[in-house]
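Novice: no sequence for this one, just the structure:
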Ligand SMILES: Nc1ncnc2c1ncn2[C@@H]1O[C@H](COP(=O)(O)OP(=O)(O)OP(=O)(O)O)[C@@H](O)[C@H]1O
């Protein structure tokens, strides 16, 4: 391979891209054949696949063989330090098995300690402990996804009593997030953050949506579903299962069938370790009526459910809502670490603290569906001051941005032209009750004239991956899951575990006993020689059986439909 000698960045990018293709190709071997030999050059891979005992039926040996080879391939292929293309190098190194444990890779303990630390803060001990722990389980390398969205529009038709009207929710939003980056979507409530996140996750009917969303320069395809993780705003968890049970069921149901049950359980255990959930792994999740784990722990379980399958793109809707600032910081710090393992992360966020704000790589600021800023989070404040808007006091940047886009100009200096316009609008509003969002208009215009054109040009540039790698995104689905019968058995078991408290509650027992007594009364002192009561009794019995059977089915249908609604069609996730 020529990569080691070339010093030009384009040569390196190509070489890296080739290496990536090799690693990813070999990783697809991993899942199709259960072979662990995924790292290294083509020659490495070929030599290994031909000579290695990793094709033996003993899966333990397979993984162990792979672990040794991943380690020995490391020095030969360590490219991360050779280039300025940070994202690609991270993605490449992730694909070469050198990333943080969030990829699910085997990483030697010393290498993790020596590599980039995830946190500088003392308060993040459990996340730090988790990220510096040794993970023994091996999953496939993270496939890099370069996410780009250009001029996204979204409209809905709202139906009134007599007429229907069209409502524009998003008006031409553009931006990008690359492997290793954490993109935050910020804006006031109702600005369109969740809508944009859903659009990026391909969760909308394509007819209502305008513009383009591309993944490695390719449009959305159903094969991408298994590479995208989506953490919804509301936690979709079973309250009576423990943290360990929840993650183990997810592993058993969602990991590929090439892995043994024991390996899947091991993967669940390693996710628990990665997320720092060991202390509460035997605690029930809890819900409105059952006391369980804390809000932050619950959020981490939701994230664990999604990172279990090693998605390349992770989308999160308000992962820090209703959490205190320290817990919120822990969650974002964890996301930052997950991103550094080569994943692309997009999250909506409401009111981040200033420490939390500085963890974001990129930022999208929305107001009423319009884009007011897209760029590096670290450059947001200097951009707004360049257009004449800056805080008059020392202020949390997130607070400043939200005040600005909400039109709350106390303690904010604004350009005199905008001040004048605001005065006129206030007068109009007073005299003629005409509403106009002058601040948003000003900021939108400023963005369009100052940044939008340049950013769009950057978005038009092709992503630095070989066509071969790009095309892999359109490959048929990864091999998932169990047969329908195995799923049925596992789901029944999970259903019984989840509702054991319900089934064996005194209320349920009383209900069954009382029904039995009432039914028994039908035969009370009946004449067994006569035909009529027996017949009516049989009919009642038959009726009760049917009713019991149907009500059992109905309660299961209720849960399944809830899960499927929550997943908006991606049934396989929680099934
Ligand atoms: N299907 C729909 N029909 C009608 N209005 C909709 C629909 N979907 C979204 N909206 C409206 O679009 C706007 C943006 O909604 P969205 O949920 O994306 O906001 P958000 O920024 O995520 O808000 P929050 O931070 O409160 O969650 C809201 O005013 C919402 O009422």
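Specialist: All right, it came through fine. It should be emphasised that the depicted structure is a prediction, and the values quoted were computed from it without experimental measurement.
Novice: for residue 151, grab the count of nearby residues.
Specialist: Neighbourhood size, residue 151 [other CB atoms under 10 Å]: 16. Yep, even glycine has a C-beta here, placed from its N, CA and C like the rest.
Novice: what's the answer for residue 153, then?
Specialist: Residue 153: 16 neighbours (other CB under 10 Å).
Novice: swap in residue 410?
Specialist: 7.
Novice: what's the helix or strand for it?
Specialist: Using DSSP states H and E, residue 410 sits in no helix or strand.
Novice: which non-adjacent residue is nearest it?
Specialist: Leaving aside its sequence neighbours, residue 410 sits nearest to residue 403 (CB to CB, 6 or more residues apart in numbering; 7.5 Å).
Novice: any idea of the pLDDT on the one you found?
Specialist: Looking at residue 403, its pLDDT reads 87.
Novice: one more: residue 155?
Specialist: 89.
Novice: from the ligand, how far out is the residue nearest to residue 410?
Specialist: Distance, residue 403 to the ligand, using CB to the nearest ligand atom, to the nearest Å: 16 Å.
Novice: before we move on, what SS does that residue have?
Specialist: helix (DSSP: H, G, I helix; E, B strand; the rest coil).
Novice: how many neighbouring residues does it have?
Specialist: Other residues close to residue 403 by other CB under 10 Å number 19.
Novice: list the contacts for the residue nearest to residue 277 when sequence neighbours are not counted?
Specialist: With CB to CB, 6+ apart as the criterion, residue 277 has its nearest non-adjacent residue at 5.5 Å, and that residue is residue 243. By CB atoms under 8 Å, 6 or more residues apart in numbering, the residues touching residue 243 are 272, 277, 280-283, 285, 293, 297, 301.
Novice: ditto for residue 239
Specialist: Contacts of residue 239 (CB under 8 Å, 6+ apart): 284-287, 289-290, 292, 498.
Novice: pLDDT score for it?
Specialist: Reported pLDDT for residue 239: 89.
Novice: repeat that for residue 564.
Specialist: Taking residue 564 on its own, its pLDDT is 49.
Novice: ok so residue 417 is a strand residue?
Specialist: No: counting by three-state DSSP, residue 417 is not found in a strand; it is helix.
Novice: near the ligand, which residues of the chain are found?
Specialist: 156, 158, 167, 169, 187, 189-195 (CB under 6 Å from any ligand atom).
Novice: which among those residues count as buried?
Specialist: The neighbour-count test (16 or more other CB atoms under 10 Å) marks 169, 187, 191-195 as buried among the residues of the chain next to the ligand.
Novice: how about the residues you listed, which pair is most distant?
Specialist: 169 and 187 (12.1 Å; CB to CB).
Novice: and residue 387, how many neighbours?
Specialist: Using other CB under 10 Å, residue 387 has 19 other residues around it.
Novice: surely it meets residue 414?
Specialist: No: with contact defined as CB atoms under 8 Å, residue 387 does not count as touching residue 414 (9.5 Å).
Novice: and the strands in the stretch 101-250 of the chain?
Specialist: 147-159, 164-177, 182-186, 209-215, 218-219, 228-231 (DSSP state E, counting those that start in this stretch).
Novice: for the third one, name the packing helices and strands.
Specialist: Packing contacts for strand 182-186, counted by 3 or more CB pairs under 8 Å, 6 or more residues apart in numbering; DSSP states H and E, involve strand 164-177, helix 193-200, helix 325-340, strand 344-349, strand 362-367, helix 397-406.
Novice: how many residues are close by residue 386?
Specialist: Residue 386 has 13 nearby residues by other CB under 10 Å.
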